[in-house]
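> Kindly return the folded structure for what I paste below:
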Amino acid sequence: SQSTCLVLKMKLGGRFGPGVTVNKLYCAPCGSQVRIFSVATGEQVRALNFAANVLAVCRHPLNPVQLLCCAGDVLHVVDIEEGVQLKELPFPGPVESMDSCKSSLYWVSMQPEDKERRADIYRYDLTPWQESLVPPLTAAVRLGQVTTFSKWSVSKELVCVLAGKYLHVLTDAAGGASTSSAKLGGDFITCLRAHPTQQVVATGHADGTINLWYLTATNEIAYKTRVHWHAHGVADLRFSSDGEYLLSGGEEAVLVVWQLATMDKRFLARLGAPVSHIGIDPSDRTYSVTINDNSVILVDATAFAITARIQGFKTGPIARSTKAPLLYDVQERLIVTSGSFGALQFYNPLQDRHVFDVQVLDRNFLSRIDDAALPELNIDHFALTSDSTWLITAESIPTLGNARTNILKFWSRTPGISECTLTTMVDPPHQDPVTSLAAADNMAVTAAGSQFKVWVLAENSQWECFLVGTFQEQPCTLVAISPDSSIIAAVFGKVVTLWSLHHRQRIAALPHEEAINALTFVGRRGRLATSTPTSVFVWDLLSLQVLWMLQFKIQQLVADSYSETFACVTTLQVLLFDSSSSSPLERFSTAHGVASACFLPGSSRPTIAILDVKDQIQLLGGASELVESSAAAITTATVDPDNPDQRAFSALFASAMQSTGNLSSAASSLVTPQLTNTALTTASAQLMQPSHVAPPVDRLVRSYLQQLLPNLTSALSQADEASVTPMHTDEAPSPAMDTAPAATSQDSTKQPTDFLSLLASGSSTLSVATTGWSTLFS
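Down below sits the predicted model:
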């Protein structure tokens with residue numbers, strides 16, 4: 001049956017489009033949202049939701065606090081400070097791109113199915129808006145039409161359109177719209193930018209050159225200036241508002257600033273990924289550099305230094321160099337998957353927020369040499385232990401010739417700290433590359449060549465090899481660990497072998513007719529799911545028999561650690577099964593191919609997160625319950641984006657006011673009103689002031705403690721007096737109160753029961769199978 005699936009309204013992991021800086025706020029389109037960030041801190045201030053994907057954003061040239069957004073074929077006028085929509089105007093046709101300059105709005109209209117790419121360029125006058133007159137967009141002036149449209153740029157002097165190798169300059173004079181054309185030379189043109197104050201057009205080319213084309217009064221080419229620094233194609237160009245500087249960027253991951261009068265250059269290197277877009281705020285104080293790993297770098301133009309980084313879900317070929325799984329960090333409720341060059345990213349799917357990276361391969365991004373691709377540095381496998389306190393990674397690093405070095409690393413995770421610490425490195429763990437990696441409580445298993453190895457946590461947070469297993473000299477391709485860490489399943493050829501860690505020996509073998517491409521333990525009943533290129537099997541490990549099987553092709557098996565549910569991931573579908581039945585519980589379909597998936601615990605209904613081939617995360621199943629619980633746990637405060645201290649103190653005092661309930665009932669009833677109304681309110685008001693007018697720190701602390709400590713001492717003393725009851729010896733003692741906690745339902749996050757304990761519990765449902773399991777371990 002087709003189940004209704006919840007995909008979050010916000011496209012999780014959406015890519016940032018070219019953004020603009022408006023009134024000290026950076027506004028970036030991202031799917032069907034416009035996300036607004038503080039330029040000072042890089043923190044997200046708010047998000048604006050639209051019914052369709054946002055194609056472009058630009059500044060309102062006549063109002064510094066308004067933003068013009070094109071979502072679908074509708075123009076939305078938004079007040080970014082209040083986060084409210086002011087106007088909504090439909091475009092007369094499909095919109096390809098949009099920009100603004102002086103007192104006008106420009107856009108390119110083109111039919112998406114037009115193979116000749118005929119584009120119409122329009123200009124709409126925004127001046128009547130100042131008199132509360134809003135003409136429809138059909139009143140716009142059509143400047144002209146070009147074929148084979150590729151790029152365009154608008155400035156105060158020019159409206160330039162590139163069609164093939166021809167540059168078209170459009171004008172809107174009193175006599176009507178006119179067009180002049182000129183053919184440009186050089187290599188393939190990759191970007192175009194018009195000078196803000198002069199009749200000059202800059203073009204970037206695929207060979208790394210930049211040409212400055214100087215035009216006459218009739219928009220004919222007079223001469224050109226050619227500069228060259230980039231080794232690869234130029235991705236974007238941007239002039240400063242006065243036209244004195246030109247910014248360029250490309251595959252080298254370097255921002256280059258050219259002083260046009262002298263052609264001197266400044267470089268901001270090691271940005272981490274190729275540059276895709278460059279922006280400048282109207283005051284020329286901040287540069288915004290969008291790079292290909294889906295992040296935006298904010299640069300102080302005066303100091304020429306990075307001030308903040310806006311990081312989204314890292315996407316693209318750099319992040320997806322290998323078929324990486326999705327893991328779930330149960331400590332911080334984060335998704336773990338591959339990130340940028342040689343790193344893993346920890347991402348919060350419920351808040352759609354990048355949390356931190358773990359740089360597994362300590363390498364800087366390097367661009368290719370000519371057309372030769374650099375050797376890939378991949379994190380081949382990674383896994384988390386059951387409690388997410390350890391991260392294990394296996395990597396393969398190229399050396400001289402075609403040889404590669406295999407390294408196994410163990411990273412410790414501390415709750416509440418956004419980092420991982422490398423404690424153990426094994427070089428090499430096997431002679432052959434690692435083919436599979438699994439982890440459980442303080443234990444990990446690796447497969448390589450014709451053997452698997454069991455690694456356990458020893459003293460001083462060091463890991464060591466505990467056990468080595470082989471089977472008939474067959475290659476070991478896959479490994480898995482049971483939820484209670486007592487059984488290891490290892491695939492050798494077409495056989496799944498079961499190994500007891502307690503007895504340190506092989507206890508069973510499960511043959512298949514085809515090669516096995518996936519396996520996972522399911523739940524607490526002793527079930528194992530396996531898949532071949534044509535079928536899916538569920539084994540009952542108590543009887544060593546196939547419980548049920550289905551014939552269909554899948555690419556991944558994912559089990560829920562806290563239930564009997566597992567998922568079969570196909571190219572376009574995710575099917576949820578209970579291990580006892582071959583009938584699917586739910587079936588989810590996706591518009592794009594599924595790359596990987598994982599379960600998210602914490603809801604009454606199974607919830608699964610999938611990463612599709614378009615690098616978008618979708619939450620399916622009980623996602624609404626998780627989103628509501630996550631939203632309830634977040635304290636929302638009014639934030640001044642220009643004052644980072646206000647954000648910190650607001651969060652501090654909001655949590656402090658809520659935490660007063662942790663006191664005893666008597667003390668809480670006395671302390672809370674006085675503490676909240678006087679001490680916190682006074683200190684909060686003082687700390688909200690700008691730093692240059694705030695009183696000295698010693699006065700703040702002294703004032704705060706004088707109001708807090710006496711009241712707290714008095715409240716606690718009154719609470720102690722209220723808790724003392726006179727005892728009369730002539731009365732019988734009152735019966736003791738039952739302080740045992742009430743019985744609660746089973747915790748959904750309780751660790752799975754040990755298989756042997758399950759068998760010894762005397763359950764009638766397992767009494768028949770007890771003999772088989774005992775024989776298995778005898």
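> In three-state terms, how would the closest residue to residue 434 other than its chain neighbours be classified?
Closest residue in space to residue 434, ignoring its immediate chain neighbours: residue 394 at 4.1 Å, by CB to CB, 6 or more residues apart in numbering. All C-beta atoms are positioned from the backbone trio N, CA, C, and that covers glycine. Here residue 394 is recorded as strand under DSSP: H, G, I helix; E, B strand; the rest coil.
> Residue 394 pairs with what?
Bridge pairing for residue 394 (DSSP bridges) gives the partners residue 381, residue 408.
> any idea how far residue 342 is from it?
For residue 394, the distance to residue 342 equals 13 Å [CB to CB, to the nearest Å].
> Between the two, which contacts overlap?
Both residue 394 and residue 342 are in contact with residue 379, where contact means CB atoms under 8 Å, 6 or more residues apart in numbering.
> Residue 166 - how many residues pack around it?
Using other CB atoms under 10 Å, residue 166 has 14 other residues around it.
> so what's it up against?
By CB under 8 Å, 6+ apart, the contact list for residue 166 reads 181, 182, 183, 184.
> 7 Å instead, please
Neighbour list for residue 166: 181, 183 [criterion: CB atoms under 7 Å, 6 or more residues apart in numbering].
> got it, and residue 225?
Taking CB under 7 Å, 6+ apart, we find residue 225 in contact with residue 212.
> What of residue 298?
Contacts for residue 298 were tallied using CB under 7 Å, 6+ apart; they are 26, 39, 42, 286, 288, 307, 308.
> coming back round to it: neighbours around the residue nearest to residue 434, how many?
So residue 394, with other CB under 10 Å, has 27 neighbours.
> Among the contacts of residue 298, which are located in strands?
The strands, defined by DSSP state E, take in 26, 286, 288, 307, 308 from the contacts of residue 298.
> Quick one: buried ones out of the residues you listed?
Neighbour counting by 16 or more other CB atoms under 10 Å classes 26, 286, 288, 308 among those as buried.
> The last one pairs with what?
So the one you mean is residue 308. Taking DSSP bridges, one obtains residue 298 as the residues bridged to residue 308.
> Go ahead and confirm it touches residue 41.
Yes. Contact criterion CB atoms under 7 Å: residue 308 and residue 41 qualify, at 6.0 Å.
> Is residue 502 in a helix, a strand, or coil?
Per three-state DSSP, the secondary structure class of residue 502 is coil.
> check contacts around it.
residue 486.
> before we move on, back to that, for residue 483, state which of the buried ones among the ones in strands among the contacts of residue 298 is nearest.
Closest approach to residue 483 among these (CB to CB): residue 308, at 42.4 Å.
> Count the neighbours of residue 127 for me.
Neighbour count of residue 127, defined by other CB under 10 Å: 12.
> For residue 470, give its distance to residue 385.
In terms of CB to CB, residue 470 sits 25 Å off from residue 385.
> of these two, who's got more company?
Applying other CB under 10 Å to residue 470 and residue 385 shows that residue 385 carries more neighbours, namely 21 against 15.
> surely the more buried one meets residue 439?
Yes. Taking CB under 7 Å as the definition, residue 385 is a contact partner of residue 439 at 4.8 Å.
> Just the pLDDT at the closest residue to residue 244 other than its chain neighbours, thanks.
Leaving aside its chain neighbours, residue 244 sits nearest to residue 260 (6.2 Å; criterion: CB to CB, 6+ apart). Looking at residue 260, its pLDDT reads 94.
> Let me see the contact set for residue 260.
Counting by CB under 7 Å, 6+ apart, residue 260 has contacts 244, 245, 246.
> Would you mind writing the PyMOL command to select the buried ones in those residues?
Buried members of the contacts of residue 260, defined by 16+ other CB under 10 Å, are picked up in PyMOL with:
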select buried, resi 245+246
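> now the contacts of residue 260 in TSV, with pLDDT, secondary structure and distance to residue 329?
As requested, the contacts of residue 260 are exported to TSV (pLDDT from 0 to 100; DSSP: H, G, I helix; E, B strand; the rest coil; distance: CB to CB, whole Å):
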residue	pLDDT	secondary structure	distance to residue 329
244	94	coil	48
245	96	strand	44
246	97	strand	44
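> What is the nearest of the contacts of residue 260 to residue 379?
Here the nearest of the contacts of residue 260 to residue 379, counting by CB to CB, is residue 246; it sits at 38.2 Å.
> Run through the bridge partners of the closest one.
residue 239, residue 258.
> Look up how far residue 291 lies from it.
Residue 246 is 19 Å from residue 291, where distance means CB to CB.
> Could you do residue 101 as well?
Relative to residue 291, and taking CB to CB, residue 101 is found at 26 Å.
> Compare the two and say which is more crowded by neighbours.
residue 291 (25 against 20).
> What's the local residue count around the closest residue to that one other than its chain neighbours?
Of all residues not flanking residue 291 in the chain, residue 273 sits nearest, at 4.2 Å (CB to CB, 6+ apart). Using other CB under 10 Å, residue 273 has 21 neighbouring residues.
> Now for residue 273: which residues touch it?
By CB under 7 Å, 6+ apart, residue 273 lies in contact with 253, 291, 292, 293, 318, 340, 365.
> Just the element for the residue nearest to the first one when sequence neighbours are not counted, please.
With CB to CB, 6+ apart as the criterion, residue 253 has its nearest non-adjacent residue at 4.5 Å, and that residue is residue 271. Secondary structure assigned from DSSP states H and E places residue 271 in neither a helix nor a strand.
> thought residue 271 was touching residue 291?
Yes. Assessed by CB under 7 Å, residue 271 is found in contact with residue 291 at 5.5 Å.
> so what sits against both of the two?
253, 297.
> How about residues contacting stretch 208-223?
Here stretch 208-223 has contacts from 169, 180, 182, 184, 186-187, 199-204, 224-228, 230-234, 237, 248, using CB under 7 Å, 6+ apart.
> Residue 586 and residue 578 touch, don't they?
No. Residue 586 lies out of contact with residue 578 (CB under 7 Å); the separation is 10.5 Å.
> pLDDT below threshold where in this structure?
Along the chain, the model assigns pLDDT under 70 to residues 1-14, 173-177, 316-323, 373-377, 400-402, 623-778.
> now the residue nearest the centre of it: how far from residue 41?
By CA atoms, centre = their mean, the chain has its centre lying nearest to residue 313, at 2.5 Å. Using CB to CB, we find residue 313 at a distance of 20 Å from residue 41.
> just residue 302 next, same as before
Look at residue 302 and residue 41: by CB to CB, they are 18 Å apart.
> any residues touching stretch 277-287, and which ones?
With CB under 7 Å, 6+ apart as the criterion, stretch 277-287 contacts 18-21, 39, 236, 238, 240-241, 247, 249, 288-290, 298-302.
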